[in-house]
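A.B. asks: structure for the following, please:
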Amino acid sequence: MQNISTKLINLQGELVQITSVIKNKQKIQPYEADGIVYHADTCVPLIDAFERKKIKFKALARHTYPGDRLDDNTLGLNSIGYWDANEPQDWGLDWHRNEGIEFHFLESGTMPYAQEGNETILTPDHLTVTRPWEAHKVGNPYVGMGKFYWVIIDLGVRRPHQEWVWPEWITLTNQDLDRLTTILRHNEKSIWKTDQRVRNCFARINKAINEDENGSNASRIRLLVNYLLILLLDLLDTKDIELNETLTDSSRSVRLFLNELEKSISDNWTIEKMAKSAGVGMTRFTHHCKQLTNLTPMKYLTLKRLEASKIALLKHPDYTIAEIAYTCGFATSQYYSTVFKKYEKCAPNEYRIKCLVNS
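C.D. replies: Now for the predicted structure:
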């Protein structure tokens, strides 16, 4: 029994690589690329580096983000802080997404950075914009030496089509805030070169964070975040930005979910759960799924599970059909065999033997 459990655990780990192969074959890579898995947002490596005295670190945060606790005067601000690395580092923040829009700013040094599969090296005065659904990482694999800031604001959205709701203490006029929101939603550019004003703003953020005691600088932090947004709007208004309204269509949210689905094919999915995760109603979800894949949601899921199982059959010839069926999301080995025969015209074991003999 223990041997079977160990096999199941190992096979579940291998599914990450399997779905990557499937995705590469289809040339669709919104949340996974080159075998890299986008993990849930975590700051564990950052905290570990701080505890080992590899970096200086200071942040104000709420929820699971590290740092001193923010109070209710800045609700909607999830995290604001910086790290300062002045020696070679041995850690990085792997692929993740945030519960809000995140702005990074590099004050000094260099920083390996990647977003949605595009890798670059940030240099001083670079500002990045990361929407809630955009995967990103810092480090390749290790972060660089430099002083690096971040601000994460929860907008109440997780999908591209959802309307942004800024915290009530954001004081830009409706016209300016609508303009800023439109630009950020309707283009995908993620990295901008800024000016001295932005640098000075983050220097003041640095001071406000360092001197805060139990929310004593909440007013200053609110003002500085508002000022940062004004500076960002000024910057964006000077650029020739081509807006694309299709980026906020609900079909894009469904497309992103369908690609995420490949990393969790063993979950107990229903159409209701899939639609909820995509952030749309069942009818709209089913419609978009049919338009995007020419398949119903459940049939699309079944075929993804089948593709993963075919690769697992060959990667793990010592695993049983039942073990592979379970970790690929099929309820029973009998049902798995029935589905396999329907699409492949042979039993799973026959497919395995035939492919291994011909390889």
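
A.B. asks: so where do the helices sit in the stretch 1-150 of the chain?
C.D. replies: For the stretch 1-150 of the chain, the helices defined by DSSP state H, counting those that start in this stretch cover 2-26, 44-51.

A.B. asks: least reliable of these going by mean pLDDT?
C.D. replies: For the helices of the stretch 1-150 of the chain, mean pLDDT drops lowest on helix 2-26, to a mean of 48.

A.B. asks: could you look up the SS state of Glu350?
C.D. replies: Per DSSP: H, G, I helix; E, B strand; the rest coil, the secondary structure class of Glu350 is helix.

A.B. asks: how many other residues sit next to it?
C.D. replies: 13 (other Cβ atoms under 10 Å). Backbone N, C-alpha and C define where each C-beta goes, glycine included.

A.B. asks: with Pro112 instead?
C.D. replies: Residues within reach of Pro112, counting by other Cβ under 10 Å, total 17.

A.B. asks: is it true that it touches Ile121?
C.D. replies: Yes - under the criterion of Cβ atoms under 8 Å, Pro112 makes contact with Ile121 at 5.9 Å.

A.B. asks: mutual contacts of these two, please.
C.D. replies: Common neighbours of Pro112 and Ile121, using Cβ atoms under 8 Å, 6 or more residues apart in numbering, are Gly144.

A.B. asks: wait, is Ala325 part of a helix?
C.D. replies: Yes - per three-state DSSP, Ala325 lies within a helix segment.

A.B. asks: please list all residues in contact with it.
C.D. replies: By Cβ under 8 Å, 6+ apart, the contact set of Ala325 is 309, 332-333, 335-337.

A.B. asks: by neighbours, which of the residues you listed wins?
C.D. replies: Neighbour counts for those (other Cβ under 10 Å) peak at Ser309, which has 24 neighbours.

A.B. asks: touching, that residue and Ser337? I think so.
C.D. replies: No - using Cβ under 8 Å, Ser309 is not in contact with Ser337, being 10.5 Å away.

A.B. asks: overlap of the contact sets of these two?
C.D. replies: Joint contacts of Ser309 and Ser337 (Cβ under 8 Å, 6+ apart) are 325, 348.

A.B. asks: follow-up on the earlier one: farthest-separated two in the contacts of Ala325?
C.D. replies: Farthest-apart pair in the contacts of Ala325 is Ser309 and Thr332; separation 13.2 Å (Cβ to Cβ).

A.B. asks: hey, where'd the helices end up in the stretch 151-300 of the chain?
C.D. replies: Using DSSP H, counting those that start in this stretch, helices in the stretch 151-300 of the chain cover 174-185, 196-211, 218-237, 250-261, 271-278, 282-293, 297-315.

A.B. asks: could I get the ones you listed as CSV with distance to His96 and mean pLDDT?
C.D. replies: As requested, those are exported to CSV (distance: least, Cβ to Cβ, whole Å; pLDDT from 0 to 100):
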stretch, distance to His96, mean pLDDT
helix 174-185, 20, 97
helix 196-211, 22, 98
helix 218-237, 22, 97
helix 250-261, 13, 91
helix 271-278, 18, 93
helix 282-293, 25, 94
helix 297-315, 23, 94
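
A.B. asks: how about these in TSV, adding distance to Val357?
C.D. replies: Output for the helices of the stretch 151-300 of the chain, formatted as TSV (distance: least, Cβ to Cβ, whole Å):
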stretch	distance to Val357
helix 174-185	53
helix 196-211	62
helix 218-237	60
helix 250-261	33
helix 271-278	38
helix 282-293	33
helix 297-315	11
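
A.B. asks: of all the ones you listed, which lies closest to Gly139?
C.D. replies: Nearest of the helices of the stretch 151-300 of the chain (Cβ to Cβ): helix 196-211, 20.4 Å.

A.B. asks: ok, and what's touching the closest one?
C.D. replies: Helix 196-211 is contacted by residues 58-60, 80-82, 105, 107, 125, 127, 149, 151, 217, 220-221, 224, 227-228, 231-232, 235 when judged by Cβ under 8 Å, 6+ apart.

A.B. asks: write the PyMOL selection for whichever of those residues are buried.
C.D. replies: One line in PyMOL is enough to select the buried members of the contacts of helix 196-211, burial here meaning 16 or more other Cβ atoms under 10 Å:
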select buried, resi 58+59+60+80+81+82+105+107+125+127+149+151+217+220+221+224+227+228+231+232+235
